[in-house]
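In: Predicted structure and sequence below. I'll ask about it afterward.
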Amino acid sequence: MYDETAQVVENRPLAGSHFLLSLYSPKQARAARPGQFAMIRLPGRSDVILRRPMSIYDVRSRDLKGGYGLERHGQRPAVLQVLYKVVGRGTRLMAELTPGDRLAVLAPLGHGFFPEEYLAQARDASEVLLVAGGIGIAALLMPARDLARQKIPQRLFFGGRSRHDLVGLSDFKPLVEAITLATEDGSRGYRGYVTAPLAQYLEQRCEQRFLILACGPMAMLQVTAGLAERYNHPCLVSMENRMGCALGVCLGCSIRVRGEGHAAYERVCTEGPVFWSDHVVWNP
Ligand SMILES: Cc1cc2nc3c(=O)[nH]c(=O)nc-3n(C[C@H](O)[C@H](O)[C@H](O)COP(=O)(O)OP(=O)(O)OC[C@H]3O[C@@H](n4cnc5c(N)ncnc54)[C@H](O)[C@@H]3O)c2cc1C
Ligand code: FES
């Protein structure tokens, strides 16, 4: 983990109050692993004291002309990308960032989707199912790329409130076999929660083995975990609890897990944000 001052390379507006923020931060970009996150603070803004946790969406290399692209020709990553949605004061200020601005960034943080912990299950599965709710999509691009490199078939289930929440699809298309979309207002794909087409898919393929990787709101994760349990599939969930320190000190992000006494609580910022779904106690 590095505490760096990172320079904004680009802060690109996308649909529906989403932005793709690219930060020049070579040490952090090289150290980042799938499913890890960054804590971002706007220096000089004493009115926004707390850092904001953001998943590391992607890492890119920087070419000699100052552009940036996917890691190739042995180039090492130098740019950290964050995909974020404006929801409150901190993210509203982030949306005003322009190239050259500097941010205090602590990264990479947390225990993410680490391939050595799930590749065996992924290879045993007919497919890996990526399940994203809203901005939860941001945690899934790096694991999707890892799985694609291993030639493991994947299918993305992606839900949002409206079609404007379905950002990043062009990044996933080359990596996955198929994409199922759902929106609560019916503006794109299935009308309703994404867990409905997921349930239907699992029900129709009871005899197959899947590995599920999910990130999104707590309610979506809980339903996904329930489906994984019902159909007996291994499932990793990435949690997005509110955080204070992100360093394991304040205990503000603790969740209930299977265990007794102190072992019954784990911190999303350090033991997580990624957990096996059957390790989490969903109705404490
Ligand atoms: C590990 C982790 C990874 C995350 N990754 C991303 C990401 O990649 N992109 C992204 O846009 N957001 C992500 N989030 C959520 C993001 O941190 C919050 O949206 C952000 O902190 C809100 O700051 P704000 O000052 O704009 O909003 P605030 O003014 O603090 O809050 C505005 C509204 O957002 C809600 N809110 C704030 N934090 C959260 C949260 N953690 N979960 C759900 N609702 C929240 C509040 O309840 C309130 O309704 C992540 C959170 C965690 C813990
Ligand atoms: S946010 Fe402080 S312990 Fe996790």
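Out: Cool, the structure landed. Ligands and ions are numbered 1, 2, ... in the order given.
In: touching ligand 1 at all, stretch 122-139?
Out: Yes - Stretch 122-139 is in contact with ligand 1 by C-beta under 6 Å from any ligand atom, via 135, 138. For every residue, glycine as well, the C-beta is placed using N, CA and C.
In: buried sites along that stretch?
Out: Using 16 or more other C-beta atoms under 10 Å as the test for burial, stretch 122-139 gives 122, 125, 127-139.
In: try stretch 202-217
Out: Along stretch 202-217, these residues count as buried under the neighbour rule (16+ other C-beta under 10 Å): 202, 210-216.
In: and the most centrally placed residue in the chain, what does it touch?
Out: Centroid-nearest residue in the chain: Ala139, 1.2 Å away (criterion: C-alpha atoms, centre = their mean). By C-beta atoms under 8 Å, 6 or more residues apart in numbering, Ala139 lies in contact with 35, 37, 55, 112-113, 132, 215, 238, 273.
In: Select from these every entry located in strands.
Out: 37, 55, 132, 215, 238 (DSSP state E).
In: any idea how far Val87 lies from ligand 2?
Out: Using C-beta to the nearest ligand atom, to the nearest Å, we find Val87 at a distance of 18 Å from ligand 2.
In: tell me which parts of this structure are close to ligand 2?
Out: So far as C-beta under 6 Å from any ligand atom goes, the chain lies against ligand 2 at 243-246, 248-253, 267, 269.
In: among those, which are in reach of ligand 1?
Out: Met243.
In: Glu4: which of the residues of the chain next to ligand 2 is nearest?
Out: Ala246 (14.8 Å; C-beta to C-beta).
In: elements contacting the helix or strand where Ala219 lies?
Out: Here Ala219, judged by DSSP states H and E, is contained in helix 218-231. Using 3 or more C-beta pairs under 8 Å, 6 or more residues apart in numbering; DSSP states H and E, the elements in contact with helix 218-231 are strand 127-133, helix 195-204, strand 210-215, strand 235-238.
In: give me that answer again for 6 Å
Out: With contacts defined as 3 or more C-beta pairs under 6 Å, 6 or more residues apart in numbering; DSSP states H and E, helix 218-231 has these neighbours: helix 195-204, strand 210-215, strand 235-238.
In: Out of the ones you listed, which gets nearest to Gln81?
Out: Of all the helices and strands packed on helix 218-231, strand 210-215 sits nearest to Gln81, with 16.0 Å by C-beta to C-beta.
In: Quick one: mean pLDDT for the closest one?
Out: Mean per-residue pLDDT for strand 210-215: 98.
In: Could you tell me the angle between it and helix 218-231?
Out: Counting by axes from the mean of the first three to the mean of the last three C-alpha atoms, to 10 degrees, strand 210-215 points 170 degrees away from the direction of helix 218-231.
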